[in-house]
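**Student:** Kindly return the folded structure for what I paste below:
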Amino acid sequence: MKFIQFEEHRINPEAIDYYHIDYDELFIYFRGGTSLDFQGSRAADLVKLLDKAIGVAGEEA
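**Tutor:** Okay, here's the model as predicted:
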């Protein structure tokens, strides 16, 4: 299991239920019912990290 360290958040990609982008805002929803949101360039940077982490997780499975 690989975590993503992004600013003060340590995100487990395997715990993400889903995420989506609405204009310049990223919403991440976790299986436990919690969520995070990021705006602007922060959102774009995190999407790149999430896509990479989820892709890696898919290859390892």
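**Student:** Residue 48 looks like it's in a strand, true?
**Tutor:** No: Residue 48: not assigned to a strand; according to DSSP: H, G, I helix; E, B strand; the rest coil it is helix.
**Student:** Can you tell me how far it is from residue 35?
**Tutor:** In this view, residue 48 and residue 35 are 20 Å apart by C-beta to C-beta, to the nearest Å. Any C-beta I mention is one placed from the backbone N, CA and C, and that applies to glycine too.
**Student:** Tell me where this structure has strands.
**Tutor:** Per DSSP state E, the chain carries strands over the ranges 4-6, 9-11, 16-22, 25-30, 35-39.
**Student:** highest average neighbour count across those?
**Tutor:** Mean neighbours per residue, mean count of other C-beta atoms under 10 Å, is largest over the strands of the chain for strand 25-30, with a mean of 16.
**Student:** ok, what's across the strand from the nearest residue to residue 38 once chain neighbours are set aside?
**Tutor:** Spatial nearest neighbour of residue 38, chain neighbours left out: residue 26 (4.7 Å); criterion: C-beta to C-beta, 6 or more residues apart in numbering. Residue 26 forms beta bridges with residue 21, residue 38, as assigned by DSSP bridges.
**Student:** OK, contacts around residue 26?
**Tutor:** Going by C-beta atoms under 8 Å, 6 or more residues apart in numbering, residue 26 touches 19, 20, 37, 38, 39, 42, 43, 46, 47.
**Student:** what pLDDT does it get?
**Tutor:** Note for residue 26: predicted pLDDT of 95.
**Student:** likewise the one 10 residues further on?
**Tutor:** Confidence at residue 36, expressed as pLDDT, is 96.
**Student:** what do you get for residue 48?
**Tutor:** 89.
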